[in-house]
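K.L.:
Let me see the structure of the following:
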Amino acid sequence: MTFTFCNSTRDISTTTGDISETILTEQLQKVINPIPTGFESLKYKQLTHKLSTTPYSSTFTLHGTYDNQIGDLSGRPCYRGKIAEIKTEEEATQLVKRWITKVGASMHNLETKKVPYRTGGTQSELVDGTYFFLNDSHGVSVYWSKDPVSEIFNVMISVV
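P.N.:
The predicted structure follows:
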């Protein structure tokens with residue numbers, strides 16, 4: 001299966017994290033474990049950013065992602081990795097569903113609550129995805145977000 005990415009067309013296996021559930025579980029655990037310290041052990045280099053909260057590049061990259069950063073989400077530390085930049089909502093939604101399945105399977109031994117969500121943001125920005133609650137305040141989210149200027153769909157994974 002192929003998707004139309006912003007810069008090229010490539011096989012989906014390069015962005016679906018086609019690795020065993022065991023390895024993905026281990027990788028997610030490496031990101032989940034430092035939640036209590038605000039991901040301090042994963043921070044590498046502070047990035048120049050237009051936002052008031054300057055993100056850091058991450059020392060750890062989940063398989064199948066790039067541009068991994070530690071930042072702030074509504075006053076809470078957040079680990080975020082970009083899965084892909086896609087041209088159409090349909091393809092972005094398909095890729096999100098594949099990642100939701102993969103993340104859900106890899107987190108089967110964790111106490112989770114799967115909650116789908118879709119919101120409208122500012123400037124007609126849409127967000128569509130699923131949130132896996134680890135507890136009352138932490139979780140893993142797989143979603144797409146449409147950039148209102150470029151109209152590109154960013155497919156992301158976040159841990160907060």
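
K.L.:
Any chance of the backbone angles for Asp72?
P.N.:
Main-chain dihedrals, Asp72, degrees, to the nearest 10: phi -130, psi 130.

K.L.:
distance of it from Thr22?
P.N.:
Asp72 sits 31 Å away from Thr22, going by C-beta to C-beta, to the nearest Å. To be clear about C-beta, it is placed using only N, CA and C from the backbone, and glycine gets the same treatment.

K.L.:
So between the two, which is more surrounded?
P.N.:
Asp72 (15 against 9; other C-beta atoms under 10 Å).

K.L.:
ok, that one to Tyr56 distance?
P.N.:
10 Å.

K.L.:
Also Val96?
P.N.:
Taking C-beta to C-beta, one finds Val96 at 25 Å from Tyr56.

K.L.:
Also Asn68?
P.N.:
Asn68 is 10 Å from Tyr56, by C-beta to C-beta.

K.L.:
Please enumerate the shared neighbours of those two.
P.N.:
Shared contacts of Asn68 and Tyr56, defined by C-beta atoms under 8 Å, 6 or more residues apart in numbering, are absent.

K.L.:
next one: phi and psi at Glu40?
P.N.:
phi -50, psi -40.

K.L.:
thinking it is in contact with Asn33, fair?
P.N.:
No: Glu40 is beyond contact range of Asn33, at 11.3 Å (criterion: C-beta atoms under 8 Å).

K.L.:
which residues do the two both contact?
P.N.:
What both Glu40 and Asn33 touch, as defined by C-beta under 8 Å, 6+ apart, is an empty set.

K.L.:
could you say what helices and strands the longest strand seen in the chain packs with?
P.N.:
Ranked by residue count under DSSP state E, the longest strand found in the chain is strand 76-86. Under the contact criterion of 3 or more C-beta pairs under 8 Å, 6 or more residues apart in numbering; DSSP states H and E, strand 76-86 touches strand 2-4, strand 66-73, helix 89-106, strand 153-159.

K.L.:
Can you give the contact residues for the last one?
P.N.:
What it means is strand 153-159. Contacts for strand 153-159 (C-beta under 8 Å, 6+ apart): 15, 28, 31-32, 35, 62, 65, 73, 78-89, 91-92, 95-96, 99, 103, 129, 138-147.

K.L.:
pLDDT below threshold where in this protein?
P.N.:
For the chain, the stretches with pLDDT under 70 are 1-19, 49-54, 108-127, 133, 135-137.

K.L.:
please redo it, this time with the cut-off set to 90
P.N.:
1-25, 29, 32, 44-55, 71-77, 89, 93, 96-97, 99-148, 160 (pLDDT under 90).

K.L.:
Cheers, nothing more for now.
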